[in-house]
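coords please:
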Amino acid sequence: MYLFDTDTITNITKKIPSRKLISNINKLKKEERFLSTIAIGEITYGAFNSNNPNHYINELKNILLPLVNILPFDSNSAYIYGEIRAELEKRGESLPHCDIQIASIAIANNLILITGNINHFKRISSLRIEDWIN
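Numbers count the residues shown, from 1 in each chain. The predicted structure is shown next:
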């Protein structure tokens with residue numbers, strides 16, 4: 001089962017989405033596709049910073065969300081988040097808090113994170129990641 005990072009799920013709405021991504025998504029049942037509430041927040045933020053927020057909010061609600069199941073940032077994810085953030089800081093590394101939260105949700109729910117940012121997320125050793133965009 002798979003959790004889609006923000007960059008991956010928004011790729012679906014591009015004029016020319018990744019063929020590899022579309023092919024892989026089409027092989028999955030809806031029960032295997034997940035999106036975090038954190039990614040929804042990032043997408044919504046991007047929409048309201050665009051010149052056409054209504055268009056992007058409509059795409060989110062009518063195209064993207066019907067394809068996936070939504071997972072919250074719950075208490076189990078929060079414990080994992082705290083551990084990952086502390087571990088990264090001890091190594092002198094950092095990631096944006098949203099990314100650590102998304103990774104924590106994937107780990108807490110035993111999901112593979114699908115992202116185009118492999119180099120970004122590989123610093124989290126317990127996170128399973130795949131790139132379906134490139």
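
ok, residues contacting stretch 51-66?
With Cβ atoms under 8 Å, 6 or more residues apart in numbering as the test, stretch 51-66 has contacts from 9-10, 12-13, 35, 40, 43-44, 46-47, 50. In short, each C-beta sits where N, CA and C put it, glycine included.

Can you report how many residues neighbour residue 95?
Using other Cβ atoms under 10 Å, residue 95 has 18 neighbouring residues.

Isn't it up against residue 122?
No. Assessed by Cβ atoms under 8 Å, residue 95 is found out of contact with residue 122, at 10.7 Å.

circling back to that earlier point, among the contacts of stretch 51-66, which are located in helices?
Mapping the contacts of stretch 51-66 onto helices (DSSP state H) picks out 9-10, 40, 43-44, 46-47.

how about stretch 9-16: buried residues?
9-12 (16 or more other Cβ atoms under 10 Å).

got any ranges where this structure has weak pLDDT?
Scanning the chain for pLDDT under 70 picks out nothing.

in it, which spans are strands?
2-4, 33-36, 69-71, 112-114, 129-130 (DSSP state E).
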